[in-house]
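Asker: Give me coordinates for this.
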Amino acid sequence: QDNMAFTGKYETESDENYDDFMKKIGIPSDIIEKGRNFKIVSEVVQNGNDFTWSQHYPGGHSMTNKFTIGKEADLESVGGKKFKATVKMEDGKIVADFPNYHHTAEISGGKLVEISTAGGVTYKRISKKIA
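Answerer: Below you'll find the model as predicted:
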């Protein structure tokens, strides 16, 4: 794994268990409805252990998390909650514990694969590289 492995721009290609997971973490149903077929664009800049991770949603809303592997950072969750967490790197995967879910991200076969788990529900999102 080179230390720029994650850098790039990715667009949602497929996902699994979106509805169940969003309900599980308490996202309101009208927002779940709106977001269901969103092509979320994730933009990642990796510089060694430093990351800037942005998600751009249709309609101009975006969210950016900046973090350094192994150091506590101020982050924001899917639902807009602000919290502190230490992001780790395990076997080339980025691993983070959000307030109500566990999240991993890895590059596999040139795609960004993100898995979030909450109370037995696993949400998987695969994004293809667009830049």
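Asker: So which bits of the helix or strand of the chain with the lowest mean pLDDT are buried?
Answerer: Lowest on mean pLDDT, DSSP states H and E among the helices and strands of the chain sits helix 29-35, with a mean of 87. Using 16 or more other Cβ atoms under 10 Å as the test for burial, helix 29-35 gives G35. For the C-beta atoms, the positions are set from N, CA and C on the backbone; glycine is no exception.
Asker: ok, residues contacting it?
Answerer: In this structure, residues lying in contact with helix 29-35 by Cβ atoms under 8 Å, 6 or more residues apart in numbering are 18-19, 22-23, 27, 57.
Asker: After the helix or strand harbouring D15, which helix or strand is next? Please name it.
Answerer: Following DSSP states H and E, one finds D15 within strand 8-16. As assigned by DSSP H and E, the chain's next helix or strand after strand 8-16 is helix 18-24.
Asker: what does that next one contact?
Answerer: Counting by Cβ under 8 Å, 6+ apart, 29, 31-32, 35-36, 78, 101, 116, 118-119, 121-123 sit against helix 18-24.
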